[in-house]
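Colleague: Following is a predicted model, sequence given first.
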Amino acid sequence: MNPRTSIVALAAACLLARGAFAQTPATASNPVGVWRGTSLCRVRPSPCNDEIVVYRITRVNASDSLSIDARKIVKGQEEEMGVLGCRVDASGAHLTCRIPNGVWRFTVRGDSLVGELRSPDNRKYRDVNAARVAVETKSTPSADGTPISYAVTGHGDPAMVFVHGWAGDQSYWRDQVSYFAPTHLVITLDLAGHGSSGRGRSDWSIQRFGEDVAAVVRATGATKVVLIGHSLGGRGVVEAALQLPDQTMGVVGVDTFFDAWSTPSFANRVAGMRADFIGATTGFVRRTMFNAQSDTALASRVTSAMAKIPPEVGIPAIASLGPWASTRSANAFAALRVPLGTIQRSAAGHTELERARPTLTRLDANVMAGPGHFLMLEDPVRFNVTLDSLVRRLLK
């Protein structure tokens, strides 16, 4: 493995608290498959680098032998790191992989893979938390009957429910799924009109999107949840929390609660989308959601995908942000009875939230400078650590 940068102290603290490697599976496990997750450096100073990794685990001729094709994600693409030869115990749960400069040990528990690399002097060099890529997708009707597609993986309370923003889908959270699945039940979903969910709806308001989230939580049977929403999804999880007062333990908004949606300039933007949806959406996303530090390949992929949302969904959905900001947000925040956390790219511009601050039970506001609007895609390692720490504080 080729580590290159060092981990911040906060990451080490979160990993120690998670105790991911300490758990042992009680039943036979199957390590074969594709896994995606986070490999974090534990040694400083060193050339070690925090990485998003993909492991493809296959069996070789001997019954107790496995091969791990290890890759890292660089600018959204897989790069080969090498192939590990490993031994697995009879339960299939424990893998040992020896390399010249140390020993990798992995533990499989259901759809979670946790591991560590130790040097010959037994010093821990890396921690790995990964989740099986193949996750069963299910569907449940929202309150108006629209089918909502969702996926569930991992184990542990509280469940972490991730909700994408306008013109996105649940795949935007894949690096959060792999990070949190070893210690939490993780639920992702496609809001109505997005991804694989149904489009047969006439009301595209934020309240209806909140009903989509609430329907999925009820379908999973989760009794304790933290609701995490990006952009438009941040408003959606506030509405969902009001519909799930007994299950919701906390709400997190990710780069959301801006107050620009009820301004004349926003009305002009929506009018432009009605005239030329693809052109106006492409310009809007590139100008406002990415910055000079953003990876150009990632920005192009996201921009292209967002411009493909059907206009009959995209236009009324984004237009619904204006009425929610001007007539609904204050009452919704005032009715929220659980702690609210935020992770924003900037401390400025969140007047929608600032107006509500006096009515909130508790607000834990955080800034993650550097990335653009898609913090969880542009810097997933730092975002995961920030979110992990924030959720722990909200649950105290």
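Modeller: Received it, and whenever you're ready, just let me know what you need. Residues are numbered from 1 along each chain as shown.
Colleague: gap between the closest residue to Val177 other than its chain neighbours and Phe290?
Modeller: The spatially closest residue to Val177, leaving aside those adjacent along the chain, is Val186, at 5.1 Å (Cβ to Cβ, 6 or more residues apart in numbering). In this view, the C-beta of every residue, glycine as well, is placed from N, C-alpha and C. Applying Cβ to Cβ, to the nearest Å, one obtains 26 Å for the distance of Val186 from Phe290.
Colleague: between these two, who's got more neighbours?
Modeller: Under the neighbour definition other Cβ atoms under 10 Å, Val186 and Phe290 were set side by side, and Val186 has more, 27 against 21.
Colleague: in the stretch 201-350 of the chain, which spans are strands?
Modeller: Counting by DSSP state E, counting those that start in this stretch, one finds strands in the stretch 201-350 of the chain at the ranges 225-230, 248-254, 340-344.
Colleague: Near Arg44, how many other residues are there?
Modeller: Arg44 is surrounded by 11 other residues when neighbours are defined as other Cβ under 10 Å.
Colleague: ok, so what distance separates the residue lying closest to Arg362 once chain neighbours are set aside from His373?
Modeller: Spatially, and ignoring its direct neighbours in sequence, Arg362 is nearest to Pro339 (4.1 Å; Cβ to Cβ, 6+ apart). According to Cβ to Cβ, Pro339 and His373 sit 24 Å apart.
Colleague: and the closest residue in space to Asp175 that isn't next to it in sequence, what is it in contact with?
Modeller: If you skip the residues right next to it in sequence, Asp175 has Pro380 as its closest partner in space, 3.8 Å away by Cβ to Cβ, 6+ apart. Taking Cβ atoms under 8 Å, 6 or more residues apart in numbering, we find Pro380 in contact with Thr38, Ile52, Asp175, Gln176, Tyr179.
Colleague: Could you report the pLDDT at Pro380?
Modeller: Per-residue confidence (pLDDT) for Pro380: 90.
Colleague: where does it fall, phi/psi-wise?
Modeller: phi -60, psi -30 (degrees, to the nearest 10).
Colleague: again, but for Phe290
Modeller: Comment: the main-chain dihedrals of Phe290 come out as phi -130, psi 160, following degrees, to the nearest 10.
Colleague: what sits against it?
Modeller: Residues touching Phe290, when contacts are defined by Cβ under 8 Å, 6+ apart, comprise Ala299, Val302, Thr303, Gly372, His373, Phe374.
Colleague: measure it to Gly250 for me?
Modeller: Look at Phe290 and Gly250: by Cβ to Cβ, they are 29 Å apart.
Colleague: Likewise for Phe258?
Modeller: Taking Cβ to Cβ as the measure, Phe258 falls 21 Å from Gly250.
Colleague: now Leu189
Modeller: Leu189 is 18 Å from Gly250, where distance means Cβ to Cβ.
Colleague: circling back: which of Phe258 and Gly250 has more residues huddled nearby?
Modeller: The residue with more neighbours, out of Phe258 and Gly250 and counting by other Cβ under 10 Å, is Gly250; that gives 23 against 20.
Colleague: if I read this right, the more buried one contacts Lys224, doesn't it?
Modeller: No. Distance between Gly250 and Lys224: 9.9 Å, which falls outside the contact criterion (Cβ atoms under 8 Å).
Colleague: Now list whatever residues contact both of the two.
Modeller: In contact with both Gly250 and Lys224: Pro158, using Cβ under 8 Å, 6+ apart.
Colleague: Tell me which of the contacts of Pro380 fall in helices.
Modeller: When the contacts of Pro380 are checked against helices (DSSP state H), the matches are Asp175, Gln176, Tyr179.
Colleague: contacting residues around the first one?
Modeller: Pointing back at Asp175 there. Arg36, Gly37, Thr38, Ile52, Met376, Leu377, Pro380, Asn384.
Colleague: which of the residues you listed tops the neighbour count?
Modeller: In terms of neighbours by other Cβ under 10 Å, these top out with Gly37 at 29 neighbours.
Colleague: Next, the angle strand 225-230 makes with the helix or strand harbouring Val391.
Modeller: Following DSSP states H and E, the helix or strand that holds Val391 is helix 380-394. Using axes from the mean of the first three to the mean of the last three Cα atoms, to 10 degrees, the interaxial angle of helix 380-394 with respect to strand 225-230 works out to 140 degrees.
Colleague: burial measure for Arg357, as a count.
Modeller: Burial of Arg357 is recorded as 12 neighbouring residues (other Cβ under 10 Å).
Colleague: Was I right to think it contacts Asp364?
Modeller: No. In terms of Cβ under 8 Å, Arg357 does not count as a neighbour of Asp364; the distance is 11.7 Å.
Colleague: Can you pull the domain assignment for this protein?
Modeller: Domain assignment for the chain by automatic domain parsing gives 9-132, 137-394.
Colleague: Lowest average pLDDT across those domains?
Modeller: Ranked on mean pLDDT, the bottom entry among the domains of the chain is domain 9-132, at a mean of 83.
Colleague: Show the contacting residues for the residue nearest to Phe258 when sequence neighbours are not counted.
Modeller: Sequence neighbours aside, Gly349 is the residue nearest to Phe258 in space, at 5.4 Å (criterion: Cβ to Cβ, 6+ apart). Going by Cβ under 8 Å, 6+ apart, Gly349 touches Phe258, Asp259, Ala260.
Colleague: mind putting the residues you listed in a markdown table, distance to Val161 included?
Modeller: As requested, the contacts of Gly349 are arranged in a markdown table below (distance: Cβ to Cβ, whole Å):
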| residue | distance to Val161 |
| --- | --- |
| Phe258 | 22 |
| Asp259 | 25 |
| Ala260 | 26 |
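Colleague: Let me know the closest of these to Leu113.
Modeller: Comparing these against Leu113 with Cβ to Cβ places Phe258 closest, at 37.5 Å.
Colleague: Next up, phi/psi of that closest one, please.
Modeller: phi -70, psi 160.
Colleague: quick one: it from Thr386, how far?
Modeller: To Thr386, Phe258 is 19 Å away according to Cβ to Cβ.
Colleague: measure Arg357 to Thr386 for me?
Modeller: In this view, Arg357 and Thr386 are 21 Å apart by Cβ to Cβ.
Colleague: er, Pro45 I mean
Modeller: Note on Pro45: its distance to Thr386, by Cβ to Cβ, is 23 Å.
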